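Chemist: Need a 3D model of the following:
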Amino acid sequence: MLKIIHGENQVASRKKLSELVSEAKKQNQEIVSLEAEKMDRAKLESTLLSDSLFGGSKILVIECLHSLPKSKKKDEFIDLISSASIDIILWEKKLLTKTDFKKLPSTAPVFEFKITVKLWSLLDHLSTNPKNKNAILKLLKESVESDGAEFVFLMILRQIRMLIQVKEEQTLKMAPFMLSKLRSQAREFTLEKLLQIHQQLYQIDQKQKQSASLLSLAAELDLLLLNM
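Modeler: Numbers count the residues shown, from 1 in each chain. Below is the predicted model:
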C-alpha cells in the first residue's frame, strides 16, 4: 500500500513519518529509505523487486519525489511506485497539488500538514512597533498551540532571514505579491535590528540543543518577541 505524507509543516510531517516507520518496525518490516534526487530507475526497480534481507516484508520510504524537476524520469518513478506491490511511504516537504494526486493511486491514504492561518498571520505581523506587541504575543501563543514551538521557531527564523535578504537587496525567487509584502514588512526594521534578532534566534537554538536554557522553547520565543 502507498501512503502519502505532504505539507509545509515539516516538523509535524516528520513526526508522522517516524510514527509510521515505528509501526512498521513493530510488525518486523525492513525499512528501506531512498532520496529521490539520488535515485535512478535501476535502483528503484531493484528495491521494489528484491526480497527483504530478513525474509519478511519491507517498507520503502521515498523522500521529496515531487520536488524533482518535471521530466520523463520523474514520471517513470511515479508509474513504478503506483504499480508496486510492496508498502511505500512518500514523504514530501511541500503540499502536493490536485495534478500531482491525479498521477497517484486514489486509494492511497493521505496525511496533510499545512501551515495554519494563525502562523502565517504571526509571520506577517512581526514588527518592532510597540502597538503590535499584544497582537503578536497572542498569535505566538495560538501558533505554538496549533503548530508546535519547534516549527514556529523555524518559520520565524525563515521570515527573519528573508527580511535580511530584502534589506540587503538580494534576489528572492517568489511571487511578486509575496515580495511586495516582505518589502513592506522590512521597512519596520533596520538591518542592524534584523541581524540582532537572527543572532538571538541562533543563541536560542544552541541553548535548546545543549539543554542549557531554563526556559522552554515557547517561553524563549515569547521573551524574544516581547523584547523585539
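Chemist: where does this protein dip in pLDDT?
Modeler: 50-56 (pLDDT under 70).
Chemist: burial count for the closest residue in space to Leu194 that isn't next to it in sequence?
Modeler: Distances taken as C-beta to C-beta, 6 or more residues apart in numbering place Ile164 nearest to Leu194, at 4.9 Å, with adjacent residues excluded. All C-beta atoms are positioned from the backbone trio N, CA, C, and that covers glycine. Each residue near Ile164 was counted by other C-beta atoms under 10 Å, and the total is 17.
Chemist: what's the answer for Phe151, then?
Modeler: By the measure other C-beta under 10 Å, the count of residues near Phe151 is 24.
Chemist: quick one: stretch 4-23 to chain centroid distance?
Modeler: 10 Å (C-alpha atoms, centre = their mean, to the nearest Å).
Chemist: how about the CA coordinates for it, as PDB?
Modeler: Taking Å, rounded to 0.1, in the frame of the first residue of the first chain, the C-alpha atoms of stretch 4-23 are listed here in PDB:
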ATOM      1  CA  ILE A   4       1.500   9.900   1.200                       C
ATOM      2  CA  ILE A   5       2.700  12.500   3.700                       C
ATOM      3  CA  HIS A   6       2.900  16.100   2.500                       C
ATOM      4  CA  GLY A   7       2.800  19.700   3.600                       C
ATOM      5  CA  GLU A   8       5.000  22.700   4.600                       C
ATOM      6  CA  ASN A   9       4.800  21.800   8.300                       C
ATOM      7  CA  GLN A  10       7.800  19.500   8.100                       C
ATOM      8  CA  VAL A  11       8.100  19.100  11.900                       C
ATOM      9  CA  ALA A  12       4.600  17.600  12.000                       C
ATOM     10  CA  SER A  13       5.100  15.600   8.800                       C
ATOM     11  CA  ARG A  14       8.400  14.200  10.000                       C
ATOM     12  CA  LYS A  15       6.700  13.100  13.300                       C
ATOM     13  CA  LYS A  16       4.100  11.300  11.300                       C
ATOM     14  CA  LEU A  17       6.700   9.600   9.200                       C
ATOM     15  CA  SER A  18       8.500   8.500  12.300                       C
ATOM     16  CA  GLU A  19       5.200   7.100  13.700                       C
ATOM     17  CA  LEU A  20       4.600   5.100  10.500                       C
ATOM     18  CA  VAL A  21       8.100   3.700  10.500                       C
ATOM     19  CA  SER A  22       7.900   2.700  14.200                       C
ATOM     20  CA  GLU A  23       4.700   0.900  13.400                       C
END
